[in-house]
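Asks: This is a predicted model, with the sequence first.
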Amino acid sequence: MNGALLILKKEFMELSKDRKTLFFTFVMPLILYPLIFFMMSRLGRNDAASRAGRPSRVCVTDPSQVFSPVLRDAPGAFTVVPRPPGDLRQAIRDQKLELSLEVDPAGAEKLARNQSLDMRVLYDNSDESSKLALDRFKSQLRRQESLWVQARLKSLGASPQLALPVKLETVEAGDMGLFLGKLVGSFLPYLLMIMMYAGAMQHGIYATAGEKERGTLLSLLATSLPRTQIIIGKLLYIFSIGILSALINLLSMAFSVGRLMASNGAADAPAQAAVTGIAALATPSALGLTFLLMIPLGLFFANFILLGGIQARNTLEASTALTPGIFVVVLLGVFSMAPGIEKMVWLPYVPVLNVSLAIRKLFSQQGNGFEYLVALVMTVVLAGLMTWISTRMLNRESAIFRV
Amino acid sequence: MISLTDLHKAFLVKDKRTRAKRRIEAVRGITLEVRPGEIYGLLGPNGAGKSTTLRMIAGLMRPDRGRIEVCGVDTVRRPEQARALVGYLSTDLSVYNRFTPRELLKLFGEFQGVEARVAERRGMSLLEELGLAEFADVRMEGFSGGQKQKVSIARALLHDPKVVIFDEPTTGLDVLTAKTVLDLLRVMKGEGRTVVVSTHVMPMVEAVCDRVGIIFDGVLHGDAPPHVILERWGVATLDEVFFKLADGELR
């Protein structure tokens, strides 16, 4: 094993000499995620603030003046604008206004006769400002409808309470931690897989097909180190890079999300609850058990990369062979994010996917000890089997001397 | 001491057009012996089987048939022990560019089980001997082919091997660097090491080799001192032997 550790040391020494690769592998994710999340949050907040602080522009066609005074009475929420020339739909799409309202010409008359009056609203569902205008309008309409109904009931000598047969109180049974757990659990396995594979792939290619291409592999094989240990050393290197990449990316992402939540939390209570929820998620047991699953999974991916790298004649061939693996990992990840997969009874027995399921359940507080154990044992066996295949196949001269 | 007995090695190659696999006999029944303090030159055209033979002696490849012993160690049964006795230099002028020569030699010292202090001392001494001591702490990215070859030689000799195998050690080198390599071969001979070199450079064979083996189509056709080869072929220089070989006269 000492030989494998020496190879691992050599690979990391080589990596440490390349500052650019070091930066892009280990430092960039630490900068990138906070930067992206900060910018997204900043832009989102600015946009939301500008929308919230600006009254929605509404064009009203209301010959009987039954509803337009209501809108004018809410100057903070609405600005009644004249009808723009041309097509109204296009005007909304062009963001010249957010909403167009057409009220029944006989509205006042119908209202006086206690009949229903018709209204037609035109808005753009793809535009946030237009959707906000619709929400504001509906809220204003509900209030006005309630007033009209109460007035009608009063005129009939009935209690205004008749308009409110039910007073609904909604209570959230879950908590923010559980909600976030389910959310994180659905995409965490995907992120872990993609980061472990993609993070290790280029380093793996450099250490395998790259050594062949640069002509340095022979000098390594000519030493008295057993060939199996050289292969295991390379495998350990690819595995370590995969795990490190995944951890660094996740840490950076968790830190960024935490900061984002905390900054929002200062403004509103739900976000504060989210921070508490995230803190509750990061229990040592959930993280520890996830990490335990990552080890054999990372080893499985590392073996895959090692096999592709050593069998290839050069780095281009290795890249071509290994890149489709990213799509496979993405597909597996997307599948693991699909709703309802935890109900599939056969899934705990499907390698790799059962890891996704186990992590998903760990974070959604639905952890099943048996399923976790099955996933762990299967992945360990799979990783062991792959390591055995790798060392057997790569010990072949046809693989090493394939140029 | 190197001893090869009835060595055979074949490769399967795929015909791109017919997709059929073909068996190429790279080495066919080579038997030879090289003694300590002797420089043996393997001579032959490209694809004759020189590198395959050297790789088998260095324990990098396994023969399909036959036996190889390096200082009494069977390279098939005990490849690690055999490799510990061999200093192998391949045809590639390649080194780990990101390292300095000192770092590279220290690392390979560890690979070969040489104590760090000894590896440092011996590595520096070899670099001095090869005229590269002043570049010991410079990254090898900008090194010339000759400088890289010198570092590779130091790397191959770091663990003080009893057997030295150099595969075309002067190919791609300028005259001065080639002379340094030849001088080093003579020093190694003087130190009693067993040396095998393969080359295309005929003057080098004539200048340093005690015996020459002419390899063609995987078969060893001659195994004698250079002057005996010249007499046997009735030519003045080994270059002419080589031309005859290339013309297919041997067959």
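Replies: Yep, that arrived.
Asks: State the pLDDT value of A:Ile278.
Replies: On pLDDT, A:Ile278 comes in at 57.
Asks: Pull the number of nearby residues for the residue of chain A found nearest chain B.
Replies: Across chain A, the shortest distance to chain B (CB to the nearest CB) belongs to A:Gly215, at 3.2 Å. Yep, even glycine has a C-beta here, placed from its N, CA and C like the rest. Using other CB atoms under 10 Å in any protein chain shown, A:Gly215 has 16 neighbouring residues.
Asks: give the contact list for it.
Replies: B:Ser90, B:Asp92, B:Leu93, B:Ser94 (CB atoms under 8 Å, 6 or more residues apart in numbering or on different chains).
Asks: Got phi/psi on the nearest residue to the third one once chain neighbours are set aside?
Replies: This points to B:Leu93. Nearest residue to B:Leu93, sequence neighbours excluded (CB to CB, 6 or more residues apart in numbering or on different chains): B:Gly145, at 4.6 Å. B:Gly145 adopts backbone torsions of phi -60, psi -40, taken as degrees, to the nearest 10.
Asks: who touches B:Gly145 in this structure?
Replies: B:Leu93, B:Gly172, B:Leu173.
Asks: next one: B:Phe166
Replies: Contacts of B:Phe166 by CB under 8 Å, 6+ apart are B:Leu89, B:Ile153, B:Ala156, B:Val181, B:Leu185, B:Val195, B:Val196, B:Val197, B:Ser198.
Asks: Close to chain A: what parts of chain B are there?
Replies: Remark: the part of chain B in contact with chain A comprises B:12, B:58-62, B:79-81, B:83-84, B:86, B:88, B:90, B:92-99, B:103, B:107-108, B:110-113, B:139, B:152, B:155-156, B:159, using CB under 8 Å from any CB of the partner chain.
Asks: These in strands, which ones?
Replies: The strands in this structure, assigned by DSSP state E, contain B:Leu12, B:Val86, B:Tyr88 from the residues of chain B next to chain A.
Asks: now the residue nearest the centre of chain B: how far from chain A?
Replies: Here the mean C-alpha position of chain B is nearest to the C-alpha of B:Phe166 (CA atoms, centre = their mean), at a distance of 2.1 Å. Separation of B:Phe166 from chain A (CB to the nearest CB, to the nearest Å): 12 Å.
Asks: Can you verify that residue is assigned to a strand?
Replies: Yes. With DSSP: H, G, I helix; E, B strand; the rest coil as the criterion, B:Phe166 is assigned to a strand.
Asks: So in terms of bridging, what pairs with it?
Replies: Beta-bridge pairing of B:Phe166 under DSSP bridges involves B:Leu89, B:Val197.
Asks: And the pLDDT at B:Val27?
Replies: So B:Val27 comes in at 94 (pLDDT).
Asks: Could you count how many residues lie near the nearest residue to A:Val352 once chain neighbours are set aside?
Replies: Excluding its sequence neighbours, the residue lying closest to A:Val352 (CB to CB, 6+ apart) is A:Leu332, at 6.0 Å. Residues near A:Leu332, counting by other CB under 10 Å, number 20.
Asks: what's the offset of stretch B:83-92 from the middle of its chain?
Replies: Relative to its chain's centre, stretch B:83-92 lies at 7 Å (CA atoms, centre = their mean, to the nearest Å).
Asks: Just the residues contacting that stretch, thanks.
Replies: A:215-216, A:218-219, A:222-224, B:51, B:54, B:57-60, B:70-71, B:73, B:75, B:112-113, B:152-153, B:156-159, B:161-169, B:171.
Asks: Just the buried residues out of the residues you listed, in ChimeraX syntax.
Replies: Here is the ChimeraX selection string for the buried members of the contacts of stretch B:83-92, based on 16 or more other CB atoms under 10 Å in any protein chain shown:
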select /A:215,216,218,219,222,223,224 /B:51,54,57,58,59,60,70,71,73,75,112,152,153,156,157,158,159,161,162,163,164,165,166,167,168,169,171
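Asks: Now go through the contacts of stretch B:83-92 and say which are in helices.
Replies: Among those, DSSP state H puts A:Leu218, A:Ser219, B:Ser51, B:Leu54, B:Ile57, B:Ser152, B:Ile153, B:Ala156, B:Leu157 in helices.
Asks: any idea how far chain A is from the last one?
Replies: For B:Leu157, the distance to chain A (CB to the nearest CB) stands at 12 Å.
Asks: likewise the fifth one?
Replies: Taking CB to the nearest CB as the measure, B:Ile57 falls 11 Å from chain A.
Asks: now for the lowest-mean-pLDDT helix or strand in chain B, which elements pack on it?
Replies: The weakest-scoring helix or strand in chain B, judged by mean pLDDT, DSSP states H and E, is helix B:238-247 (a mean of 74). Counting contacts by 3 or more CB pairs under 8 Å, 6 or more residues apart in numbering or on different chains; DSSP states H and E, helix B:238-247 is packed against strand B:39-43, helix B:202-208, strand B:211-216, helix B:226-233.
Asks: Quick one, grab the pLDDT at the residue lying closest to B:Arg155 once chain neighbours are set aside.
Replies: Sequence neighbours aside, B:Phe108 is the residue nearest to B:Arg155 in space, at 5.1 Å (criterion: CB to CB, 6+ apart). For B:Phe108, the pLDDT comes out at 95.
Asks: Just to check, B:Phe108 is in contact with A:Ala222?
Replies: No. Using CB atoms under 8 Å, B:Phe108 is not in contact with A:Ala222; the gap is 9.7 Å.
Asks: and for those two, which residues touch both?
Replies: With CB under 8 Å, 6+ apart, B:Phe108 and A:Ala222 have no common neighbours.
Asks: Run a quick neighbour tally on the closest residue in space to A:Leu220 that isn't next to it in sequence.
Replies: Excluding the flanking residues, the one nearest A:Leu220 by CB to CB, 6+ apart is A:Ile230, at 6.1 Å. Neighbours of A:Ile230 under the rule other CB under 10 Å: 24.
Asks: so A:Ile230 is in which element?
Replies: Taking DSSP states H and E as the definition, A:Ile230 sits inside helix A:227-265.
Asks: And A:Gly309, by the same measure?
Replies: Per DSSP H and E: helix A:284-311 holds A:Gly309.
Asks: Just the buried residues of the following helix or strand past that helix, please?
Replies: The helix or strand immediately downstream of helix A:284-311 is helix A:315-337, counting by DSSP H and E. Of all the residues in helix A:315-337, those buried under the rule 16+ other CB under 10 Å are A:Thr315, A:Glu317, A:Ala318, A:Ser319, A:Ala321, A:Leu322, A:Gly325, A:Val329, A:Leu332, A:Gly333, A:Ser336, A:Met337.
Asks: So which of those is the closest to A:Ser50?
Replies: A:Met337 (32.7 Å; CB to CB).
Asks: The closest one: what's it in contact with?
Replies: Listed by CB under 8 Å, 6+ apart, the contact set of A:Met337 reads A:Ser186, A:Phe187, A:Tyr190.
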